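Asker: Just need the structure, nothing else, for what follows:
(one chain, ligands or ions: 1)
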Amino acid sequence: MDIQCPTCGEPWDMVHLLEDEPYEWDLHPVARLELTERGRFTGPADPAREAAKAAGWEFAGDSLLSFVRCPACPKESPGILHEMVAKERRERVAAIASVLDDDPDGLASVLSDMGGAP
Ligand SMILES: [Zn+2]
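Answerer: Below you'll find the model as predicted:
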């Protein structure tokens, strides 16, 4: 099941996100193992969140599925109209993630149905 980045539309496979992507982050092996076992950050202050951000990821909630920016996102703004639509989509991801925070399967299902950015 793919979840598309709300900012750039890049499709990310859910299993890859949860199990493989944390290997791209500069994490201590123990911290990485804990993260992949949980599938989520421990909270806003989780150091793994900073490691993910350094790799290009930003998350609306604690779930690794609630990403709102990914490494494929353009560094430069793609234009004001695209930015407005992307901002709206990021807000939808944040709202969905806050409601389905303790339901990873439901979260994955709703996010994958959302489709990609324009
Ligand atoms: Zn992206």
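
Asker: so the spatially most central residue of the chain bridges to which residues?
Answerer: Nearest residue to the geometric centre of the chain (Cα atoms, centre = their mean): Phe67, 1.6 Å. Per DSSP bridges, the residues bridged to Phe67 are Phe59.

Asker: Are the biggest helix by length in the chain and the ion in contact anywhere?
Answerer: Scanning the chain for the helix with the most residues, using DSSP state H, yields helix 80-99. No. Judged by Cβ under 5 Å from the ion, helix 80-99 and the ion are separated, with a smallest distance of 8.8 Å. The way it works is simple: take the backbone N, C-alpha and C, and place the C-beta from them, glycine included.

Asker: Count the residues that sit near the residue lying closest to Cys5 once chain neighbours are set aside.
Answerer: Once flanking residues are discounted, Cys5 sits nearest to Cys70: 4.4 Å by Cβ to Cβ, 6 or more residues apart in numbering. Around Cys70 there are 22 other residues, counting by other Cβ atoms under 10 Å.

Asker: Those residues of the chain touching the ion, which are they?
Answerer: Counting by Cβ under 5 Å from the ion, the residues of the chain near the ion are Cys5, Thr7, Cys8, Glu10, Cys70, Ala72, Cys73.

Asker: I'd like to know which of these are buried.
Answerer: By neighbour count, with 16 or more other Cβ atoms under 10 Å, those hold Cys5, Thr7, Cys8, Cys70, Cys73 as buried.

Asker: okay, the residues you listed in JSON lines with pLDDT and secondary structure next?
Answerer: As requested, these are exported to JSON lines (pLDDT from 0 to 100; DSSP: H, G, I helix; E, B strand; the rest coil):
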{"residue": "Cys5", "pLDDT": "95", "secondary structure": "coil"}
{"residue": "Thr7", "pLDDT": "92", "secondary structure": "coil"}
{"residue": "Cys8", "pLDDT": "93", "secondary structure": "coil"}
{"residue": "Cys70", "pLDDT": "96", "secondary structure": "coil"}
{"residue": "Cys73", "pLDDT": "94", "secondary structure": "coil"}
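
Asker: Using TSV, lay out the residues you listed together with distance to Ile80.
Answerer: Listed next are these as TSV, based on distance: Cβ to Cβ, whole Å:
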residue	distance to Ile80
Cys5	19
Thr7	14
Cys8	16
Cys70	21
Cys73	16
